[in-house]
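below: sequence and its predicted model.
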Amino acid sequence: RIVGEALDLSHFESALELILLREGFSRKEYDEFQMLYNMSNRDSSGEVQVAELKVMLHWLGFSASHMAPQLASQVERNGSGSLNFLEFMACMRLLRGIELDHVQELMQAAEHDESGKLDVKELPALLNSMGYETWDLQVIDETLEDSGLGLRCSRLGLGDVWRFLMEFRRKEGFCRDELKALSECFKHHDEDNSGELDNLESPLALRMLGFPVGYNEVQRWLLKVDVDESGALNLVEFRKLARMLQANDMNHFREVFDVYVLKVGNSGTLSRENAVTVLDSMGFCVGPAVFDSAHVNENQFLTVCYGLIKERRVECRRNGGWSAEELKWLRTEFDRYIPPGRAYVANKDLIRLLQDILPQMSRDPLFRPELRGILRQVEVESTGKLGFSKYLTFLQLCTSAKEKSVARRQQAAVEEVGFNQIELQELRDLFLDVAARPTCITFEEVWKLINSTTPLGHNLTVELQQIFNEQLMKRSDVHEPPEQALDFADFLRFMRRLMDMNFAKLAHDQ
């Protein structure tokens, strides 16, 4: 019984039991952890593999996901290599303790008045030191407000910082406008109102948001967020996928910066002129005024990159998935097929346009019904005319149609070769890491991949070339890729053959 603001013994015992069960987490946190655990417990055994803990922590947005093996070793009791829910919650408690200890150390180092609190101006440095990169101060202001701390809050205690971190992770590091755009795009592409996007709808939705990804790239990230392996993403998972793609972009910008720093021999900085040259090489046409100082360090460079990529994504959302540069180029190409005095393509000009932009698909009898269906969607069949805005829609639909074909081929290959999900993920990562293009891999790239694991002499190289050529002759799609290269479906068949014959002891090394 509650008396005033006091608890009687039975209520106190119940409250203590609940605190222990939740490992001290709030109901909101506990419910999120339980939902994730249930999604990961795909066989309903009541346990998840220790190997999956890293994926689960990454899904939750914890920067310390690399610590998964150490955390599991401290709570796993029977050595089974799996965790029940209580052990998983114990892992989360340990991780929270590690993060809070780190926060407390940073707070003590940053304190100037010995108040035991952190100035909100220190939050960007705190986030970066913990592995939570943020390049937009607007996100920090909004997170303070949404976590109930308020914009007027100038100093944060340890509990306040933890509340801030939980809200920051929940928002996936996005500001409100970006979260709104993600939600609206998700709903737009969820045509059957199922509350999920399948693995074909997701790439198109992401491209509309300004992430220039194809089917293969999305599949690479899908298993990192689709923990229940349903093959579809709900809104929460879709937001997490967007967060991972954004982080991947920023890592790419960092790598490019580091390469140029090594090239010019400076100690961690580039001159303003060199930094502008680097941006230009990545497709960002800006002037030197974009940088405030004559010498640009990594943090300044990445902050500018984030602002530019954010502007480009806003632009893409406004233009139906195309950047201003792409739109300009597409307009120029489209105008080549328009006779003077007209604003649309028709008749023989339309046929010539289709044959030029879709050389394989327009001549493939098997694809013809799908092509006619796309033309019907953009009202070409009824009018015989194709204006520029409809042309842009047509291109997006054609890309989706190609991805459907890719998905069918890959699914057939997966069923044929018998690799498990972890093996498939590893092979896809290898394929995308080595291939210059995400759609196909050449013999030279395959040789580089295998030689990095098992050094290949002349005889093995000749044998490998022969096996590769034989797979080329049996390609599942004779139209794409047109050059001497394998797509991912045939790469799987190729690797299956190498593993079965234990080529160069490859199966033993694996």
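Alright, I've got the coordinates.

where do the helices of the stretch 401-510 of the chain begin and end?
421-434, 443-451, 458-473, 488-500, 506-509 (DSSP state H, counting those that start in this stretch).

turn the ones you listed into a markdown table, including distance to residue 129 and mean pLDDT.
(C-beta placed from N, C-alpha, C; glycine too.) Formatted as a markdown table, the helices of the stretch 401-510 of the chain follow (distance: least, Cβ to Cβ, whole Å; pLDDT from 0 to 100):
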| stretch | distance to residue 129 | mean pLDDT |
| --- | --- | --- |
| helix 421-434 | 28 | 88 |
| helix 443-451 | 36 | 92 |
| helix 458-473 | 46 | 92 |
| helix 488-500 | 38 | 93 |
| helix 506-509 | 38 | 60 |
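
for the ones you listed, which one sits closest to residue 34?
Proximity to residue 34 (Cβ to Cβ) singles out helix 421-434 among the helices of the stretch 401-510 of the chain, at 23.4 Å.

packing partners of that closest one?
Judged by 3 or more Cβ pairs under 8 Å, 6 or more residues apart in numbering; DSSP states H and E, helix 421-434 is in contact with helix 215-225, helix 443-451, helix 488-500.

which other helices and strands contact the helix or strand that residue 69 is a member of?
Assigned by DSSP states H and E, residue 69 falls within helix 68-75. Contact analysis of helix 68-75 by 3+ Cβ pairs under 8 Å, 6+ apart lists helix 53-60, helix 85-110 as its packing neighbours.

and the spatially most central residue of the chain, how far from residue 401?
The centroid of the chain falls nearest to residue 245 when counting by Cα atoms, centre = their mean (3.1 Å). Computed with Cβ to Cβ, to the nearest Å, the distance linking residue 245 and residue 401 is 23 Å.

circling back: how far does the helix holding residue 69 sit from its chain's centre?
Relative to its chain's centre, helix 68-75 lies at 26 Å (Cα atoms, centre = their mean, to the nearest Å).

that older thread, isn't the residue nearest to the centre of the chain up against residue 222?
No: using Cβ atoms under 8 Å, residue 245 makes no contact with residue 222, being 11.3 Å away.

for the residue nearest to residue 223 when sequence neighbours are not counted, the count of nearby residues, please.
Nearest residue to residue 223 in three dimensions, chain neighbours excluded: residue 425, at 5.4 Å (Cβ to Cβ, 6 or more residues apart in numbering). A count of nearby residues for residue 425, using other Cβ atoms under 10 Å, gives 16.

now swap in residue 50 and tell me
Neighbours around residue 50, by other Cβ under 10 Å: 20.

that one: what's it in contact with?
Residue 50 sits next to 68, 69, 72, 76, 81, 82, 83 when contact means Cβ atoms under 8 Å, 6 or more residues apart in numbering.

as TSV, those with neighbour count, distance to residue 353 and pLDDT would be great.
Listed next are the contacts of residue 50 as TSV, based on neighbours: other Cβ atoms under 10 Å; distance: Cβ to Cβ, whole Å; pLDDT from 0 to 100:
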residue	neighbour count	distance to residue 353	pLDDT
68	21	52	85
69	11	55	85
72	23	57	86
76	18	62	77
81	11	58	81
82	20	57	85
83	26	57	88
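
sorry, back to before: let me know which of the helices and strands packed on helix 421-434 is the nearest to residue 207.
When the helices and strands packed on helix 421-434 are compared (using Cβ to Cβ), the closest one is helix 215-225, at 9.7 Å.

buried residues, that closest one. List them.
By neighbour count on 16 or more other Cβ atoms under 10 Å, the buried set for helix 215-225 is 215, 216, 217, 218, 219, 220, 221, 222, 223, 224, 225.

cool, and stretch 235-244?
235, 237, 238, 239, 240, 241, 242, 243, 244.

same question, stretch 135-150
135, 136, 139, 140, 142, 143, 144, 147, 149.

same question for stretch 191-202.
196, 197, 199, 200, 201, 202.

could you count how many residues lie near the closest residue in space to the fifth one that isn't next to it in sequence?
When you say that, I think you mean residue 201. The shortest distance from residue 201 to any non-neighbouring residue, by Cβ to Cβ, 6+ apart, is to residue 189 (4.9 Å). Using other Cβ under 10 Å, residue 189 has 17 other residues around it.

now residue 353: closest residue in space that isn't a chain neighbour?
Nearest one to residue 353, counting by Cβ to Cβ, 6+ apart, is residue 337 at 4.6 Å.

what's that neighbour sitting at in phi/psi?
phi -100, psi 0 (degrees, to the nearest 10).

verify the stated contact: it with residue 345.
Yes: counting by Cβ under 8 Å, residue 337 touches residue 345, with 4.9 Å between them.

which residues are common contacts for the two?
With Cβ under 8 Å, 6+ apart, residue 337 and residue 345 have common neighbours residue 353.
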